[in-house]
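**Q** Need coordinates for the following:
(2 chains)
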Amino acid sequence: MWSRFSNPAKFEAMARVIGPISLGVFLVTATVGLGLGLFYSPQDYQQGDAVRMMYVHVPAAWMAMGAYSFIAVMSLIAFVWRHTLADIAARSAALPGAVFTALALFTGAVWGKPTWGAWWVWDARLTSMLILLFTYFGYMAIWQSVPEQVRAARFARILALVGFINIPIIKFSVEWWNSLHQPASILRADGPTIHPTMLIPLLLMIIAYTALFTWLVVLEMRTSLMRQRIEKRAVRAPSRPVSAGMTDE
Amino acid sequence: MYGHHTPYIIAAYGVSFVVIAALIFIRMRAHKTATEATKRLEH
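**A** Model (predicted):
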């Protein structure tokens, strides 16, 4: 099964389909979700309009954990099956994952001030999310700082897999420790506790963020594959200035 | 529009929008640069 996805040419063909579909899903669901969340969903009986921050905070927090889980799974695949594209996929997901984590922390702080009366508390959920952000920074720093790509990949995989222990800690922190943060209200055994007028825009925004993440990862993977091809050609023909303009990131 | 919550909502949505737009811009520019470099190589 994995060998099918390890062929860059086959990936390229798939990416040309997945990319535009993801972008389209993102644009449609984000437009409808934002419209419903900002203008049609009701106020919360306790929080008032502050609840509208949920539509950007929860999707960012879910994708922060989702992106890291994706990196960990790709790192495991790279470790076990030496999958050609798994490391590229994991590395491509790191920046969007870090951005979603930072956004979850920022929007959480902005939501926390009017509801809790504080921008930040050293709560288990908030602290474990901050550790996740630092883990993302560490993961990206390894790829940037270790010059040999084979060694960088090995270190990055180890960090990704060790750091994955933080994901269940984030998820269950609100149940294991006393927390200001509310417990899960969507993924519950007895069903969601949110009214459909709020649940529908929230789910649309979660789909939008997931589609955006998919599109960004696929786009970056295609970019990385192009860079690899350019570098290989540069090694074969070192006299040509083929890498000009490739240092913008 | 949202009473005393308006500045918080503007901050949350505004920063999310700007940061996501910047991320999209960075990734698209990198892709465009790589695509152009590939085309230069092929010609």
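**Q** How many residues are close by A:Pro59?
**A** Neighbours of A:Pro59 under the rule other CB atoms under 10 Å in any protein chain shown: 29. C-beta coordinates here come from the backbone N, C-alpha and C atoms, glycine included.
**Q** so who does it touch?
**A** With contact set as CB atoms under 8 Å, 6 or more residues apart in numbering or on different chains, A:Pro59 has these partners: A:Leu202, A:Met205, A:Ile206, A:Ala208, A:Tyr209, A:Thr210.
**Q** which one of these is nearest A:Ser145?
**A** A:Tyr209 (29.3 Å; CB to CB).
**Q** I'd guessed the closest one sits against A:Leu103; true?
**A** No - here A:Tyr209 does not reach A:Leu103: they are 9.4 Å apart, not a contact under CB atoms under 8 Å.
**Q** quick one: the helices in chain B?
**A** All helices of chain B, identified by DSSP state H, fall at B:6-42.
**Q** Report the central residue of it.
**A** B:Ala21 (2.0 Å; CA atoms, centre = their mean).
**Q** Name the residues of chain B found near chain A, please.
**A** B:2-6, B:8-9, B:11-13, B:15-16, B:19-20, B:23-24, B:26-31, B:33-38, B:40-41 (CB under 8 Å from any CB of the partner chain).
**Q** The same query, at a cut-off of 7 Å, please.
**A** Neighbours of chain A within chain B, by CB under 7 Å from any CB of the partner chain: B:2-3, B:5, B:8-9, B:11-13, B:15-16, B:19, B:23, B:26-27, B:29-31, B:33-35, B:37-38, B:41.
**Q** Quick check: ChimeraX command selecting the buried ones in those residues.
**A** Buried residues among those (16 or more other CB atoms under 10 Å in any protein chain shown), as a ChimeraX selection:
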select /B:5,8,9,11,12,13,15,16,19,23,26,27,30,31,33,34,37,38
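**Q** Could you check the pLDDT of A:Ser3?
**A** On pLDDT, A:Ser3 comes in at 63.
**Q** Please disregard the earlier target; I meant A:Arg240.
**A** 53.
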